[in-house]
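[1] mind folding the following:
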Amino acid sequence: MRLLLQPTIASLRNDYDLNDFADEEQFNDELLVRQGFETEEMDVEEGEEFEIPIGMRASVIENEEDPTGEFEFDEEKEEAYKLYAEVEDGVWDEEPIRENLQAGRYKLEGHLIKVIELYEE
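    Residues are numbered from 1 along each chain as shown. Prediction:
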């Protein structure tokens, strides 16, 4: 599985002062540009634990069933992997990945991305 890691807009906001820009639109444009420059890819193998650092988010961009590597949202591609999380004490459930994976530790187990620990931001 290949993940696309990007810094969150919230984490990038901490690096800038709004007063350094002509207006809020220019500020927001700079954040988006910087987010693009700081994007990186991560390959995860079956059975491997991986971490999404605080201030980052990740999305699945490639899987074994669809190795195109296209960055656009594809519902079938997103359905290939499911998030496996503890919904209440001792009860685990699979759910489709509809948003980015948040900062935390995970493990890839087949088609399941198991949540080990989620980080508070």
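[2] tally up the residues packed near residue 106, please.
    24 (other CB atoms under 10 Å). For the C-beta atoms, the positions are set from N, CA and C on the backbone; glycine is no exception.
[3] next one: residue 60
    20.
[4] repeat for residue 16
    There are 13 residues near residue 16, going by other CB under 10 Å.
[5] neighbouring contacts of stretch 31-43?
    With contacts defined as CB atoms under 8 Å, 6 or more residues apart in numbering, stretch 31-43 is touched by 1-7, 9, 12-13, 15-16, 50, 58, 61.
[6] and that stretch, what's buried?
    31, 35 (16 or more other CB atoms under 10 Å).
[7] and that stretch, how far from the chain's centre?
    Averaging C-alpha positions (CA atoms, centre = their mean, to the nearest Å) puts stretch 31-43 11 Å from its chain's average.
[8] first-to-last residue distance for it?
    End-to-end distance for stretch 31-43, by CA to CA, to the nearest Å: 26 Å.
[9] ditto for stretch 96-116
    First-to-last distance for stretch 96-116 - CA to CA - comes to 17 Å.
[10] show me which positions of it end up buried.
    Using 16+ other CB under 10 Å as the test for burial, stretch 96-116 gives 97, 100-104, 106-108, 112-115.
[11] among these, which pair sits farthest apart?
    103 and 112 (19.2 Å; CB to CB).
[12] rewinding a little: inside strands: which ones of the contacts of stretch 31-43?
    Among those, the members found in strands (DSSP state E) are 2-7, 50, 58, 61.
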